[in-house]
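Colleague: Predicted model and sequence follow; I will ask about them next.
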There are 2 protein chains.
Amino acid sequence: MSTSPAKSAPDGDSIQRLPPRERILAAACELFYRQGIRAVGVDAIAEAAGTNKMTLYRHFVSKDELVAEYLRRLWDEKSSVWTRLAAEHPSDPRGQLQGWLEEAARHVTDPTSRGCAIANAAIELPEKNHPARCVIEQCKQDSRARLVAVCREAGITQPDLLADQLFMMLEGALVCTQSTGRSGPAEHFVRAGQALIDAHSR
Amino acid sequence: MSTSPAKSAPDGDSIQRLPPRERILAAACELFYRQGIRAVGVDAIAEAAGTNKMTLYRHFVSKDELVAEYLRRLWDEKSSVWTRLAAEHPSDPRGQLQGWLEEAARHVTDPTSRGCAIANAAIELPEKNHPARCVIEQCKQDSRARLVAVCREAGITQPDLLADQLFMMLEGALVCTQSTGRSGPAEHFVRAGQALIDAHSR
DNA sequence: TAATTATGTTACTGACCGGTAACACCCCAT
DNA sequence: ATGGGGTGTTACCGGTCAGTAACATAATTA
């Protein structure tokens, strides 16, 4: 039990002062997302974290478990986005839905984006027994459920239908940016999403 | 839209009579699609093709080139689907569009599907210089252009918008089946796609 | 200060990776 | 029969992979 260090301003120097486990996880997030999970070795992660492979294996029993933890961390971040949307639009599910679309659009149009890390992991790790599998499924089901809930609270007549339409559209837009780039079908994401919301609002 | 490898299922005997290059390509299609590109080694492909690594390298200069050829083969199959749709619905772009949706739905609901092999490759191979990259981009741009053309010929007022909506929806549905399975958002793919077509038809 | 714990360092294992060299073989055409 | 081209076989290369053992050092805590 100790006072956990502040996570403010993780500039190049202060990130080095974070505990090794956090540095390893941060390095894994960056490398796994940018290069792909299978393309990154544990040595590269340890080096990017300013440590070594032994310390990595003292904190994670295997690379697969590190991958699972990496995805859990991403799930947490997605959850915090929902929390933030609820705080920015209190008692306004309509505004939350609109905020979700804006947040999604930001992700789709981000030139540095490499798509949805969870979806990418799902494609990279088809093995049914992989410890990351349950994290992937739970995270996506959770995201879907939250979107359905917001649609329902917003008074949408067919909340699960609209939610799934938006969900598919976002997943599709993100994967499209990885094949045709941002000049592909994804450039119509906002218009398409708004049209769906509008169509369900009459 | 058939985005998965051939299902012609040549039986174990007749496949042995094909020239080695075709057997290697067929084995590569199956293994790359089922397990992922990075997860499959050239030895495994050669063995599955009933030959050896030397013969493989006599027909393909490198694994990366084999991957590119694998994707070119998939592109050809996608093109043949468009040809078939045109033949099944001559002078009936409306029917072609409807046929596209049915074909896409077949792929989305196929329990053996592992999503779109091209999109999966795009995610697995983020490196800008990979020889497969141009195949991926060209194939996806071609698919998009064909869908736009059919929408235009069908008299849709905003053909590129509908095409992109359908495109994103399909890509999203396919990637969703790889994370949440077929019980996820993808179960609304047909309804969503039909609603989009109907909305653009008024 | 002393003991404990976390971390760093080096070297190693065994397996696999993509790719190649050398040579034996077999079938088909001349 | 006699090439010759395509194929099979074996062994190898250098490199990387995930994961571990042993030991030295720093940081923490009692």
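Modeller: All right, it came through fine. Bear in mind that the values here come from a model prediction, so they are computed numbers and not experimental data.

Colleague: domain parsing for chain A?
Modeller: Chain A breaks down into these domains under automatic domain parsing: A:12-60, A:63-199.

Colleague: wait, does the first one contact chain B?
Modeller: Yes. Using Cβ under 8 Å from any Cβ of the partner chain, we find that domain A:12-60 touches chain B at A:Arg34, A:Gln35, A:Gly36, A:Arg38, A:Ala39. Every C-beta, even on glycine, is put in place using the N, C-alpha and C of the backbone.

Colleague: Now, these that are in helices?
Modeller: Among these, the ones falling in helices (DSSP state H) are A:Arg34, A:Gln35.

Colleague: Pull the number of nearby residues for the residue nearest to A:His59 when sequence neighbours are not counted.
Modeller: Leaving aside its sequence neighbours, A:His59 sits nearest to A:Arg21 (Cβ to Cβ, 6 or more residues apart in numbering or on different chains; 4.5 Å). A:Arg21 is flanked by 16 other residues according to other Cβ atoms under 10 Å in any protein chain shown.

Colleague: related to what we said a few turns ago, could you turn the buried ones of the residues of domain A:12-60 next to chain B into a PyMOL selection?
Modeller: PyMOL command restricting these to the buried ones, with burial defined by 16 or more other Cβ atoms under 10 Å in any protein chain shown:
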select buried, chain A and resi 36+38+39
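
Colleague: out of the residues of domain A:12-60 next to chain B, which one sits closest to chain B?
Modeller: Checking the residues of domain A:12-60 next to chain B against chain B by Cβ to the nearest Cβ gives A:Arg38 as the nearest, at 4.4 Å.

Colleague: what are the phi and psi angles of the residue of chain A found nearest DNA strand D?
Modeller: Scanning chain A for the residue nearest DNA strand D gives A:Gly41, at 2.9 Å (criterion: Cβ to the nearest atom of the strand). Main-chain torsions, A:Gly41, degrees, to the nearest 10: phi -90, psi 160.

Colleague: where's it relative to A:Phe32, distance?
Modeller: Per Cβ to Cβ, to the nearest Å, A:Gly41 is found 11 Å from A:Phe32.

Colleague: What of A:Asp198?
Modeller: A:Asp198 is 37 Å from A:Phe32, by Cβ to Cβ.

Colleague: Strands along chain A, start to end?
Modeller: Remark: strands of chain A are absent; assignment by DSSP state E.

Colleague: low-confidence ranges in it?
Modeller: Within chain A, the segments meeting pLDDT under 70 span A:1-16.

Colleague: what about the lengthiest helix in chain A and chain B, touching?
Modeller: The single longest helix within chain A, with elements called by DSSP H, is helix A:63-88. No. Figure legend: helix A:63-88 not in contact with chain B (Cβ under 8 Å from any Cβ); closest approach 10.9 Å.

Colleague: same check, this time on stretch A:169-182
Modeller: Yes. Using Cβ under 8 Å from any Cβ, we find that stretch A:169-182 touches chain B at A:Met169, A:Leu170, A:Glu171, A:Gly172, A:Ala173, A:Val175, A:Cys176, A:Gln178, A:Ser179, A:Thr180, A:Gly181.

Colleague: Contact partners for the fourth one?
Modeller: When the contact criterion is Cβ atoms under 8 Å, 6 or more residues apart in numbering or on different chains, the partners of A:Gly172 are A:Pro185, B:Phe167, B:Met168, B:Met169, B:Leu170, B:Glu171, B:Gly172, B:Ala173, B:Val175.

Colleague: The second one now?
Modeller: Contacts of A:Leu170 were listed using Cβ under 8 Å, 6+ apart, and they are A:Ala104, A:His107, A:Val108, A:Phe189, A:Gly193, B:Gly172.

Colleague: Helices - which of those residues land there?
Modeller: Those of the contacts of A:Leu170 lying in helices (DSSP H): A:Ala104, A:His107, A:Val108, A:Phe189, A:Gly193, B:Gly172.

Colleague: Please identify which pair of those residues lies farthest apart.
Modeller: For the ones in helices among the contacts of A:Leu170, with distances taken as Cβ to Cβ, the pair at the greatest spread is A:His107 and B:Gly172 (13.6 Å).

Colleague: Can you name the residues of chain A that neighbour DNA strand C?
Modeller: A:Pro19, A:Pro20, A:Arg21, A:Gly50, A:Thr51, A:Asn52, A:Lys53, A:Met54, A:Thr55, A:Arg58, A:His59 (Cβ under 7 Å from any atom of the strand).

Colleague: could you pull out the helices for chain A?
Modeller: Under DSSP H, chain A gives helices at A:20-35, A:42-48, A:53-59, A:63-88, A:93-109, A:117-124, A:132-153, A:159-179, A:189-199.

Colleague: So which of the ones you listed is the most surrounded?
Modeller: Each of the helices of chain A was scored by mean neighbour count; the highest is helix A:159-179, a mean of 26, by mean count of other Cβ atoms under 10 Å in any protein chain shown.

Colleague: Go through the contacts of A:Leu170 and say which is closest to B:Val81.
Modeller: B:Gly172 (19.6 Å).

Colleague: residues in contact with the residue nearest the centre of chain A?
Modeller: Against the mean C-alpha coordinate of chain A, by Cα atoms, centre = their mean, the closest residue is A:Leu74 at 4.9 Å. Taking Cβ under 8 Å, 6+ apart, we find A:Leu74 in contact with A:Cys29, A:Ala117, A:Ile118, A:Cys139.

Colleague: wait, which of those is closest to DNA strand C?
Modeller: Looking across the contacts of A:Leu74 and measuring by Cβ to the nearest atom of the strand, the closest to DNA strand C is A:Cys29, at 18.2 Å.

Colleague: That closest one contacts A:Arg73, doesn't it?
Modeller: Yes. Counting by Cβ atoms under 8 Å, A:Arg73 is a contact partner of A:Cys29 at 6.5 Å.

Colleague: Got the phi and psi for A:Asn129?
Modeller: A:Asn129 adopts backbone torsions of phi -90, psi 0, taken as degrees, to the nearest 10.

Colleague: Give me the distance between it and DNA strand C.
Modeller: 17 Å (Cβ to the nearest atom of the strand, to the nearest Å).

Colleague: Count the residues that sit near that residue.
Modeller: 6.

Colleague: thinking A:Ile118 is in contact with A:Glu77, fair?
Modeller: No. Judged on Cβ under 8 Å, A:Ile118 makes no contact with A:Glu77 at a distance of 10.5 Å.
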